[in-house]
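>>> give me a 3D structure for the following:
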Amino acid sequence: MSDSDPKTRPRPGPWPPAPEATSMPPSSWAKRTGFRPKFSGETNGSDSGQISLPPKPREPDAQPDLEAGRIRAVLPVNGEAEGGKVPLPSNKDQTVKKRKDSDGVTKSMGPGPNGQAPAAAADPPSQPRRPVRNEEVNDILPQTVENRHSLTKYELRDSPGLVPIGLYGFQHYISMLGSLIIIPLVIVPAMGGTSEDTSMVVSTVLFVTGVTTLLHTSFGSRLPLIQGPSFVFLAPALAIINSPEFQGINGNKFKHVMKELQGAIIIGSTFQTILGYSGLMSVLLRFINPVVVAPTIAAVGLSFYSYGFPLVGTCLEIGAVQILLVIFFSLYLRKISVLGHRIFLIYAVPLGLAITWAAAFLLTEAGAYSYKGCDVNVPASNMISEHCRKHYSKMKHCRVDTSRALEDSPWFRFPYPLQWGTPVFHWKMALVMCVVSVISSVDSVGSYHATSLLVASRPPTPGVLSRGIGLEGLSSILAGLWGTGTGSTTLTENVHTIAVTKMGSRRAVELGACILILLSLIGKVGGFIASIPQVMVAALLCIMCVMLTALGLSNLRYSEAGSSRNVIIVGLSLFFSLSIPAYFQQYGLSPNTNLSVPSYFQPYIVASHGPFRSKFGGVNYVLNTLLSLHMVIAFLVAFILDNTVPGRQQERGVYVWSKTDTVRREVAVAKDYELPFKVGRVFRWAKWVGI
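Residues are numbered from 1 along each chain as shown. Sure, this is the predicted structure:
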């Protein structure tokens with residue numbers, strides 16, 4: 001039969017079913033003017049409707065372009081337009097790119113509306129549709145076939161070969177180097193650890209990241225997402241580190257605080273595991289939308305403004321130059337390609353770090369930070385010379401030879417569980433981590449959805465998402481047992497890396513994880529990373545927090561970002577996420593208060609002076625700590641407002657997840673998310689964590 005003959009060949013309908021052109025009977029004036037309502041009798045503020053003239057054929061309804069903020073026409077989907085059927089173009093008129101799946105089913109490269117893939121050609125003919133209320137149709141950015149094809153070079157199950165996979169996989173982790181190493185470089189010195197301790201924790205983080213990533217790509221959501229130390233856990237970890245009971249510890253403070261962190265992370269991660277595998281996450285999905293996810297993730301990035309540049313300012317000629325280099329590479333040189341790769345955009349962070357580090361090394365060797373009669377190893381309080389005390393800050397923060405991490409680290413070291421000792425469990429610290437694990441799950445929801453639109457045939461089902469959250473909890477338990485000082489979760493920066501590198505192959509991420517495990521066994525690798533000067537660590541933190549904030553706000557593209565409802569909710573969430581914690585952090589502190597901690601750690605000592613001062617010390621600790629965390633306030637404000645303020649689902653941008661029955665009928669989609677080695681049979685009794 002001819003493909004262009006619509007009468008002789010059955011055609012599948014659009015996914016999901018499109019609403020009829022008129023959802024309500026037109027009134028008398030509408031009949032005279034030809035007006036057609038668009039949203040069940042409710043018109044859009046930017047377009048009051050269309051006038052249909054009798055001599056002209058009826059045009060399809062317009063949809064708002066959620067990115068550009070304008071109205072655009074709806075393209076025919078699966079051979080049907082919004083208001084009716086149109087003939088399919090012949091092969092001579094239009095060529096659609098398709099790829100052959102490993103199961104032998106040919107599918108289109110592009111998803112249909114709401115991020116869904118077009119229905120397969122073998123689907124039954126479309127049945128007569130009844131009118132559907134538009135409020136029940138969830139809309140996200142429609143993508144054409146050509147746009148989808150240009151997003152990734154290799155999709156989820158593609159295997160281009162061992163060499164390309166190895167190169168792309170290693171590239172993936174190098175581009176995310178800042179996210180992998182920044183947290184141990186921040187928290188270990190804060191715990192009083194030495195450079196050797198920092199080296200050991202860095203190696204442990206690399207090892208656990210590789211192992212948990214392999215577990216997640218095999219038995220979790222199966223999306224190419226790296227499981228690593230997340231910024232979500234950084235603020236509560238610093239709050240625990242600066243707790244009042246740890247201020248007066250002398251001796252080996254590092255191991256004592258690390259064991260406390262391990263206990264809190266293990267209990268909080270157990271709660272996250274129960275949240276995922278029990279199916280409760282599927283229930284929460286109904287209330288977690290882009291308007292909630294966006295300000296929550298953005299608040300995580302904004303919360304470290306007091307730590308970043310104040311420490312960069314201790315050596316501006318090093319830290320500020322590093323920030324400017326990354327900005328120059330990622331923005332001004334982002335379109336320059338070398339051998340088909342936009343190296344300045346992909347490697348902006350590692351390139352900026354490497355160049356600045358090399359410049360600082362040359363300045364140190366040239367004697368720029370050497371002052372006669374002054375020794376950087378002598379504390380400033382013990383220096384007799386006023387000249388040495390004046391230049392002590394320059395010597396401490398600008399020199400690159402103050403750390404002996406590289407010299408002291410062994411060539412081979414195997415990270416093992418409980419290497420710091422038996423974890424210590426306190427309920428008040430564990431309760432803080434339980435709340436943080438919920439925030440981490442919210443962060444992962446946005447990452448799962450955005451990544452699936454880039455690399456998979458359809459978004460995951462709620463069961464797959466719950467399975468992924470449950471495995472993230474197990475991964476964090478492993479991080480607690482090994483002693484990384486932080487939990488393990490999906491790195492939000494992963495979405496940006498996939499979009500830039502156009503590498504969405506699961507095999508590439510898995511091979512890169514294996515390389516990461518091998519590197520973690522080489523002690524000198526951890527020692528080399530641990531020797532990064534603290535001012536460069538602060539500059540790196542500034543860059544990563546900026547990226548995290550931008551990626552968080554980018555979730556608003558799935559909603560109507562110009563809606564006054566959403567603008568007000570996001571604005572309130574971000575403002576109060578900064579203002580309310582500032583009230584808690586400043587409460588009870590006088591301008592002349594002499595604190596033993598550096599100024600950039602003062603926001604994390606709120607447990608000792610917060611406004612909650614009841615006779616229950618543990619309750620005071622939990623409330624003062626939680627309400628001083630920016631991400632907790634942003635989540636609470638956005639969650640309550642988005643789920644109580646009236647708004648259409650299209651306006652709210654409700655995330656679209658695939659239906660279980662539909663996925664099981666389509667072999668190609670099932671292969672994207674099914675568990676390997678027939679492990680899925682174990683979950684037959686628990687449908688809420690299956691496909």
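>>> in the helix or strand where Ser573 lies, what's buried?
Per DSSP states H and E: Ser573 is located in helix 564-586. Residues of helix 564-586 classed as buried: 565-566, 569-570, 573-574, 576-577, 580-581, 584-585 (neighbour count, 16 or more other Cβ atoms under 10 Å). Where C-beta positions appear, they are placed from N, C-alpha and C, glycine not excepted.
>>> residues in contact with it: which ones?
291, 294-296, 298-299, 302-303, 553, 556, 559-561, 602-603, 606, 610-611, 624, 627-631, 633-634, 637-638, 641-642, 645, 647, 651-653 (Cβ atoms under 8 Å, 6 or more residues apart in numbering).
>>> go again using 6 Å as the cut-off
291, 295, 299, 559, 603, 606, 610, 627-628, 630, 633-634, 637-638, 641-642, 647 (Cβ atoms under 6 Å, 6 or more residues apart in numbering).
>>> now Thr662: how far from Ser457?
According to Cβ to Cβ, to the nearest Å, Thr662 and Ser457 sit 11 Å apart.
>>> the two: who's more crowded?
Ranked by neighbour count (other Cβ atoms under 10 Å), Thr662 and Ser457 place Ser457 first, with 25 against 16.
>>> wait, that one sits on Val669?
Yes. With contacts counted by Cβ atoms under 6 Å, Ser457 reaches Val669, the gap being 4.9 Å.
>>> can you give me the first-to-last residue distance of stretch 613-633?
20 Å (Cα to Cα, to the nearest Å).
>>> next, the buried residues of that stretch.
For stretch 613-633, by 16+ other Cβ under 10 Å, it's 620-633.
>>> redo those residues as TSV? Include secondary structure and pLDDT.
Output for the buried residues of stretch 613-633, formatted as TSV (DSSP: H, G, I helix; E, B strand; the rest coil; pLDDT from 0 to 100):
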residue	secondary structure	pLDDT
Asn620	helix	90
Tyr621	helix	91
Val622	helix	91
Leu623	helix	91
Asn624	helix	91
Thr625	helix	91
Leu626	helix	92
Leu627	coil	92
Ser628	coil	92
Leu629	coil	92
His630	helix	94
Met631	helix	94
Val632	helix	94
Ile633	helix	95
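>>> from those, pick the one nearest Ile181.
Met631 (21.6 Å; Cβ to Cβ).
>>> against Gln585, how distant is that closest one?
Taking Cβ to Cβ, one finds Met631 at 14 Å from Gln585.
>>> same thing with Ser614?
For Ser614, the distance to Gln585 - Cβ to Cβ - is 19 Å.
>>> before we move on, the earlier item: dump the helix holding Ser573 to PDB, restricted to CA.
The C-alpha coordinates for helix 564-586 follow below in PDB (Å, rounded to 0.1, in the frame of the first residue of the first chain):
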ATOM      1  CA  SER A 564       2.300  35.200  37.100                       C
ATOM      2  CA  ARG A 565       1.400  32.300  39.400                       C
ATOM      3  CA  ASN A 566       4.700  30.500  38.800                       C
ATOM      4  CA  VAL A 567       6.800  33.700  38.800                       C
ATOM      5  CA  ILE A 568       5.400  34.700  42.300                       C
ATOM      6  CA  ILE A 569       5.900  31.100  43.700                       C
ATOM      7  CA  VAL A 570       9.500  30.800  42.500                       C
ATOM      8  CA  GLY A 571      10.200  34.400  43.600                       C
ATOM      9  CA  LEU A 572       8.800  33.800  47.100                       C
ATOM     10  CA  SER A 573      10.700  30.500  47.400                       C
ATOM     11  CA  LEU A 574      14.000  31.900  46.500                       C
ATOM     12  CA  PHE A 575      13.700  35.100  48.600                       C
ATOM     13  CA  PHE A 576      12.600  33.300  51.700                       C
ATOM     14  CA  SER A 577      15.200  30.600  51.200                       C
ATOM     15  CA  LEU A 578      17.800  33.300  51.700                       C
ATOM     16  CA  SER A 579      16.000  35.600  54.200                       C
ATOM     17  CA  ILE A 580      14.700  33.000  56.700                       C
ATOM     18  CA  PRO A 581      18.000  31.200  57.100                       C
ATOM     19  CA  ALA A 582      19.700  34.500  57.500                       C
ATOM     20  CA  TYR A 583      17.400  35.300  60.500                       C
ATOM     21  CA  PHE A 584      18.300  32.000  62.100                       C
ATOM     22  CA  GLN A 585      22.000  32.400  61.400                       C
ATOM     23  CA  GLN A 586      22.200  35.900  62.800                       C
END
